[in-house]
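Undergrad: Sharing a model that was predicted from the sequence below.
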Amino acid sequence: MAKLLITNIGLLATPAGREAKAGAAQGDILKLENAWILAEDGVILEVGTGEPPMTEPGNGFEILDAGGRLVTPGLVDAHTHLVFGGFRQHELADKLRGKTYLEILAAGGGILSTLKATRAASEAQLTAKALAALREMLSFGVTLCEAKSGYGLSLEEELKQLRVVRNLQGTQPAELVSTFLGAHAFPPEYKEDHEGYVRLICEEMIPAVAAAGLAEYCDVFCETGVFTMEESRRILECGLAHGLKAKIHADEIDALGGAQLAGELGAVSAEHLIAVTEKGIESMAKGGTIACLLPATSFYLGADYAPARKFIEAGVPVALATDYNPGSCPSLNLQLVMNLACLKDRMTPEEVLTAVTLNGAAAVGRAATHGSLEAGKRADLVIWNAADLDFICYRFGSNLVRTVVKGGVPV
Ligand code: NIG
Ligand code: FE
């Protein structure tokens, strides 16, 4: 049996509990000085302070000395478009000349350019590329990560992308949660037949994805020029009927009302939310929907930042994620997201920690097992080159991870 004892933890900082934290509770972080963690078979047995239980070598324990550093739960990136072909650096020049994200998409670039590169790539090529990204994420402290499809946009190509996510599960240390995002854009074949594509999603793609067990969530890009409110509702309701829980790219650029829809449907999370209205926030609070905010996307698009404080005041749990994708956030650095969340979303370091651990885990349905350091949870954690939480939210631009432990194993 694999046992791990982490000793000499200068400061252990973690949210506590098995569900998302909202309001004032989002900032409640347990802070233990001079702490230790005992894990067995990938699960935390005990967390304590002072003298650790067994420090004699030869007891079958691997002992990891944290050197007086900060330890937190492993980070959770609850919104990524992990699997895609190519990159889109050629759009940077257009962007600098003032073209907007939706203008680039309407001209056949954007998501549609990545669609071509993704369709052209084999499953093995996509797997190798996503694996490299996951390894980089892990190096930044991410131990659990959501991954969306959405660059295939045909039955076969969406299944191919989702199989890539499945291929990566268990073959490398990070854990994955899979989301079907067939409603990411209208593919060229259906440019003039939106109804036909929505029917393809509802009648063929969702049933096939659900039957193959290839996704837990169904997501929609509800936005001007992409999926309307009505189309989004149909697709998400169809997903729910097939056992796929709902997520939604909502009110990112225009306030179409995606947040209201999320609350009404009891969606697990609504994402982006830069343009969210008071009504949308109210609806999410009622529906128990988590606000998944993506400040690195605001940074790259030169857009406003989502009103994190309003969500916290309204009792909506806030998660933070990268949105890693080739168009609106070509960064997978969740530490940078933490910095931006403090500086731009005006969240405290304590609220940020909950957002990238327990609330992120809740946004992917894993709060019962992941996202905090307490007995019974997965031994996923980060030892930081830092003495306290403020330091990692303040010192942006460096990777401050010293060691990542995944399932009780230093990786
Ligand atoms: O979350 N908003 C829609 N989807 C992605 C961008 C995808 C892309 O541009 O390739 C996002 O920002
Ligand atoms: Fe996204």
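TA: That came through, no problem. Ligands and ions are numbered 1, 2, ... in the order given.

Undergrad: and the stretch 251-400 of the chain, which residues reach ligand 1?
TA: Glu252, Thr297, Asp323, Asn325, Pro326, Gly327, Ser328 (Cβ under 6 Å from any ligand atom). For every residue, glycine as well, the C-beta is placed using N, CA and C.

Undergrad: For the fourth one, name its beta-bridge partners.
TA: When bridges are called by DSSP bridges, Asn325 pairs up with Cys329.

Undergrad: How about the stretch 251-400 of the chain: which residue is closest to ligand 1?
TA: In the stretch 251-400 of the chain, no residue comes nearer to ligand 1 than Gly327, which is 2.2 Å away by Cβ to the nearest ligand atom.

Undergrad: from memory that residue sits against Gln89, does it?
TA: No: between Gly327 and Gln89 there is no contact, the gap being 10.7 Å when judged by Cβ atoms under 8 Å.

Undergrad: the more surrounded of these two?
TA: Neighbours were counted for Gly327 and for Gln89 using other Cβ atoms under 10 Å; Gly327 has more, 23 against 9.

Undergrad: Dump the residues of the stretch 251-400 of the chain next to ligand 1 to a markdown table, plus distance to Ala212 and pLDDT.
TA: As requested, these are exported to a markdown table (distance: Cβ to Cβ, whole Å; pLDDT from 0 to 100):
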| residue | distance to Ala212 | pLDDT |
| --- | --- | --- |
| Glu252 | 29 | 95 |
| Thr297 | 30 | 97 |
| Asp323 | 26 | 98 |
| Asn325 | 24 | 98 |
| Pro326 | 26 | 97 |
| Gly327 | 27 | 95 |
| Ser328 | 29 | 94 |
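
Undergrad: Which member of the residues you listed is positioned nearest Ala314?
TA: Glu252 (19.0 Å; Cβ to Cβ).

Undergrad: what residues are up against the residue of the stretch 251-400 of the chain closest to ligand 1?
TA: Going by Cβ atoms under 8 Å, 6 or more residues apart in numbering, Gly327 touches Arg88, Glu91, Tyr101, Ile104, Gly110, Ile111, Thr114.

Undergrad: Out of the residues you listed, list just those in helices.
TA: Within these, residues falling in helices by DSSP state H are Glu91, Tyr101, Ile104, Ile111, Thr114.

Undergrad: these two touch, right, the third one and Lys95?
TA: Yes: distance between Ile104 and Lys95: 7.4 Å, which falls inside the contact criterion (Cβ under 8 Å).

Undergrad: ok, residues contacting stretch 347-355?
TA: With Cβ under 8 Å, 6+ apart, stretch 347-355 has contacts from 13-15, 21, 26-29, 72, 293, 308-309, 312, 318-320, 338, 341-342, 389-390, 392-393.

Undergrad: go with 6 Å
TA: The contact list for stretch 347-355, computed with Cβ atoms under 6 Å, 6 or more residues apart in numbering, reads 15, 21, 26-27, 29, 308, 318-320, 338, 341-342, 389-390, 393.

Undergrad: Pick out whichever of the residues you listed sits closest to Val364.
TA: Ala319 (8.9 Å).

Undergrad: Assumed that closest one was part of a strand.
TA: Yes: assessed with DSSP: H, G, I helix; E, B strand; the rest coil, Ala319 lies in a strand.

Undergrad: And it, what's its pLDDT?
TA: Note for Ala319: predicted pLDDT of 99.

Undergrad: swap in Phe61?
TA: The predicted local confidence for Phe61 is 81.

Undergrad: Point to the helix or strand of the protein where mean pLDDT is at its lowest.
TA: Across the helices and strands of the chain, mean pLDDT, DSSP states H and E gives its lowest value to helix 101-106, namely a mean of 87.

Undergrad: Tell me how far that helix lies from the chain's centre.
TA: 24 Å (Cα atoms, centre = their mean, to the nearest Å).

Undergrad: contact partners of that helix?
TA: With Cβ under 6 Å, 6+ apart as the criterion, helix 101-106 contacts Glu91, Asp94, Gly110, Ile111, Gly225, Leu301.

Undergrad: Could you rerun that using 10 Å?
TA: Contact with helix 101-106 is made by 88, 91, 94-95, 99-100, 109-113, 185, 221, 223-226, 252-254, 297, 300-303, 327-328, as judged by Cβ atoms under 10 Å, 6 or more residues apart in numbering.

Undergrad: How about stretch 189-209?
TA: 108, 112, 149, 152-156, 158-159, 162, 178-180, 182-183, 185-187, 214-215, 218, 220, 226-228, 230-232, 234-244.

Undergrad: and the gap between Glu264 and Gly288?
TA: Per Cβ to Cβ, to the nearest Å, Glu264 is found 12 Å from Gly288.

Undergrad: related to what we said a few turns ago, which residues are in contact with each of Ile104 and Lys95?
TA: With Cβ under 10 Å, 6+ apart as the test, Ile104 and Lys95 both reach Arg88, Gly327.

Undergrad: hang on, the earlier thing: among the contacts of stretch 189-209, name the buried ones.
TA: The neighbour count (16 or more other Cβ atoms under 10 Å) marks 112, 149, 152-155, 158-159, 162, 178-180, 182-183, 185-187, 214-215, 218, 220, 226-228, 231-232, 234-236, 238-240, 242, 244 as buried among the contacts of stretch 189-209.

Undergrad: Just to be sure, which of those are found in helices?
TA: Assigned to helices by DSSP H, the following of these qualify: 112, 155, 158-159, 162, 231-232, 234-236, 238-240.
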